[in-house]
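# sequence and predicted structure are below.
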There are 2 protein chains.
Amino acid sequence: MMMEKYRNLHIKLTPQRLAILSYLNGNTSHPSAEDIYKAVQGQFPTMSFATVYNTLEALKNKGSVQELKIDHAKKRYDPDSTIHHHLICNKCKNIIDIHKDFNLSLPDEMTEGFDVLGNSIEFYGICSKCNK
Amino acid sequence: MMMEKYRNLHIKLTPQRLAILSYLNGNTSHPSAEDIYKAVQGQFPTMSFATVYNTLEALKNKGSVQELKIDHAKKRYDPDSTIHHHLICNKCKNIIDIHKDFNLSLPDEMTEGFDVLGNSIEFYGICSKCNK
DNA sequence: CGATTTGACAAGAATCATTCTTGAATGATA
DNA sequence: TATCATTCAAGAATGATTCTTGTCAAATCG
């Protein structure tokens, strides 16, 4: 079931990588490398940070994980490869997904000859927890 | 003329800060701290990086400079405080401004109780130079 | 005027996420 | 089994940013 999906990545599936993949699968928490490292620590106490980064790099290249530039302090990763946007809490940096299609087109005279390939919208606000 | 504008910031205007302000004024190149440092080096060879960062911090607090999260490698700064968006070259990281108003509203059932305050759109593409 | 406080400065050390390097281990192939 | 490529762990290296310290100049106040 899930293995099928993983095999289609055409990367070598080691136990460490499977643990990372399984943590990421369906995960909407937009974890940082550290979050992932901690989550997999239980199963592989000897695993190093390098393995997390290497695996994320491999997944990025396959397009199955996206690197979010939302937080300057640390990179956040998103396993949802469908087109969507994000709503970020200014205080706690919590990120939720916005699955809505906005049809954003740019008039040619604004693009200075760029070949425009896509877009991403960040909504900012304060989440309900921080708003109390 | 310009001094008026600077004085309204209500921060102490030292020669170093004036040099930074004058470099930033009307600048649409979205410079990094290093770019700014290099640009002001000519006038103040003894200036340190800390002064650049301190000044940017002060300007950020006054809302007259925005920190862009577009580039993971280094922060980029934008002195244009009007509402606008960005078009970024995936290859050379060149950033141009998009002054266009998109009316983006989110249905309540998507916001999970967030108080939505604003948004920012990043368009991605390849600039004409990199496309040759 | 002096004295004192405030904030800015330069220099360099400290931090910390990320990347790189190395050598060992593993897996695939034939 | 021999070969070759890939992955792994461990820790060193990197580099942008932040922090610390002592110095200095401008502003305030008696």
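Received the coordinates, thanks.
# and the longest helix along chain A, does that touch DNA strand C?
Secondary structure of chain A per DSSP state H: the longest helix is helix A:49-61. Yes: with Cβ under 7 Å from any atom of the strand as the measure, helix A:49-61 is seen reaching DNA strand C through A:49-50, A:53, A:57. Where C-beta positions appear, they are placed from N, C-alpha and C, glycine not excepted.
# flag every buried residue along that helix.
Using 16 or more other Cβ atoms under 10 Å in any protein chain shown as the test for burial, helix A:49-61 gives A:51-52, A:55-56, A:58-59.
# domain parsing of chain A, as residue ranges.
As given by automatic domain parsing, the domain ranges for chain A are A:2-78, A:85-125.
# want to try a markdown table for the buried residues of helix A:49-61, with pLDDT as columns?
As requested, these are exported to a markdown table (pLDDT from 0 to 100):
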| residue | pLDDT |
| --- | --- |
| A:T51 | 90 |
| A:V52 | 93 |
| A:T55 | 92 |
| A:L56 | 93 |
| A:A58 | 90 |
| A:L59 | 91 |
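# thinking again about what came up before, which elements pack onto the longest helix of chain A?
If contacts are counted by 3 or more Cβ pairs under 8 Å, 6 or more residues apart in numbering or on different chains; DSSP states H and E, helix A:49-61 sits against helix A:15-24, helix A:33-41, strand A:66-68.
# right, and the ones you listed - which one's nearest B:H10?
Nearest of the helices and strands packed on helix A:49-61 to B:H10, taken as Cβ to Cβ: strand A:66-68 at 35.5 Å.
# give me the mean pLDDT for that closest one.
Per-residue pLDDT values across strand A:66-68 average out to 93.
# name the strands paired with it and say parallel or antiparallel.
Partner strands and pairing direction for strand A:66-68 (DSSP bridges) are strand A:76-78 (antiparallel).
# then the next helix or strand after the partner strand to CSV, C-alphas only?
Using DSSP states H and E, the helix or strand that directly follows strand A:76-78 along the chain is strand A:85-89. Only the C-alpha atoms of strand A:85-89 are listed here, as CSV (Å, rounded to 0.1, in the frame of the first residue of the first chain):
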residue,chain,number,x,y,z
HIS,A,85,-0.8,27.8,0.4
HIS,A,86,-0.1,28.5,4.1
LEU,A,87,-1.4,30.5,7.0
ILE,A,88,1.2,31.3,9.6
CYS,A,89,0.9,32.4,13.2
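# for A:S29, give me its contacts.
A:D35 (Cβ atoms under 8 Å, 6 or more residues apart in numbering or on different chains).
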